[in-house]
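>>> here is the input, now give the coordinates:
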Amino acid sequence: MLGALKHILESRKNMLTRFLAIALLQLAQVFGFAVAPQTRNMGSLTREDNVHAPQLYADKLDFIATLVDLPGAKNKKSYWELSYQLYFVPEENYWAAVRRLPRGGSNPDVDYFPGKIVIAEGHRKTRRLATLDERTITLTGFPFKRKVPDPLRTKFAVLITNYAVKIFDAELNTTVTRSGFFITEPFEMTSEDQSQAIARKTIYLNFGVNPNGTLNGSQRVRSGKTRISP
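Residues are numbered from 1 along each chain as shown. Coordinates of the predicted model:
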């Protein structure tokens, strides 16, 4: 009975630790980075330490970045420029870094998380922005699973999308820049039951320029037709 009680308390402790860590990092979004898990109801998902789960790692990943809104999209002088790096961070490294975060909030950059493995990186600049398809960059087939050593393929490792964006809206005559990162898991949920996790196959990155010249960013799942960039 004592063993069962200890297990329950440890599970609740892990759940609380995860919830507080994500909440803390989300609050830091205003300082230049963000955490936006693409899974559902992640605040209530109980973290189990070092669960080996190679089945939750896709062989390859796709990357879809979209400039969703731009007031000056049809102005030929407008453009957007994106640099990105997609990293895998082992579970132990990530949570050790989270535990080192000072109380009261912080503003770490991606280098704060040790042991990163580069999955993909690149740079794109485009001036053809009239349609949503033209404002979408889709890159397919980045090798993922084979880049992660098998012992590190645990359920609660993370993927970090580091980015730097520069957008010039000719209608607003405004240049918007931002750099930061988003964090998500290597899996996604098909229901609120965490036993229904499946391998994540696509990483999303979305931006939108508001009429007042401010910038929104998210990692929410998007659907619809996109163009393929060579």
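
>>> specify the beta-bridge partners of Gly180.
Tyr163 (DSSP bridges).

>>> that one: neighbouring residues, count only.
Residues lying near Gly180 (other C-beta atoms under 10 Å) number 19. Backbone N, C-alpha and C define where each C-beta goes, glycine included.

>>> parallel or antiparallel, list what pairs with the helix or strand containing Ala120.
In this structure, Ala120 sits in strand 117-126 according to DSSP states H and E. Within its sheet, strand 117-126 is paired with strand 79-89 (antiparallel), according to DSSP bridges.

>>> and the angle from the next helix or strand along the chain from the partner strand to strand 79-89?
On the C-terminal side of strand 79-89, the nearest following helix or strand under DSSP H and E is helix 91-100. Angle of helix 91-100 versus strand 79-89, following axes from the mean of the first three to the mean of the last three C-alpha atoms, to 10 degrees, is 110 degrees.

>>> what's the mean pLDDT across helix 91-100?
Across helix 91-100, the average pLDDT comes to 93.

>>> quick one, what contacts the closest residue in space to His52 that isn't next to it in sequence?
Spatial nearest neighbour of His52, chain neighbours left out: Thr154 (5.9 Å); criterion: C-beta to C-beta, 6 or more residues apart in numbering. Shown in contact with Thr154 (C-beta atoms under 8 Å, 6 or more residues apart in numbering): Asn50, Val51, His52, Ala53, Pro90, Glu91.

>>> picking that back up, identify the residues contacting the strand holding Ala120?
Contacts for strand 117-126 (C-beta under 8 Å, 6+ apart): 61, 63, 65, 79-89, 134-135, 137, 139, 142-144, 147-148, 159, 229.

>>> tell me the mean pLDDT over the helix or strand just after it?
Next in sequence after strand 117-126, counting helices and strands by DSSP H and E, comes strand 136-143. For strand 136-143, mean pLDDT rounds to 94.

>>> how about strand 136-143: buried residues?
Thr136, Ile137, Thr138, Leu139, Phe142 (16 or more other C-beta atoms under 10 Å).

>>> now for that strand, which elements pack on it?
strand 57-69, strand 117-126 (3 or more C-beta pairs under 8 Å, 6 or more residues apart in numbering; DSSP states H and E).

>>> so how far is it off the chain centroid?
For strand 136-143, the separation from the chain centroid amounts to 15 Å (computed by C-alpha atoms, centre = their mean, to the nearest Å).

>>> and it with strand 57-69, angle?
170 degrees.

>>> ok, Leu152 - contacts?
Phe88, Pro90, Glu91.

>>> for Val98, see how far away it is.
17 Å (C-beta to C-beta, to the nearest Å).

>>> over to Leu129?
From Leu129 to Val98 the distance is 37 Å (C-beta to C-beta).

>>> isn't Lys77 right up against Phe168?
Yes - counting by C-beta atoms under 8 Å, Lys77 touches Phe168, with 7.4 Å between them.
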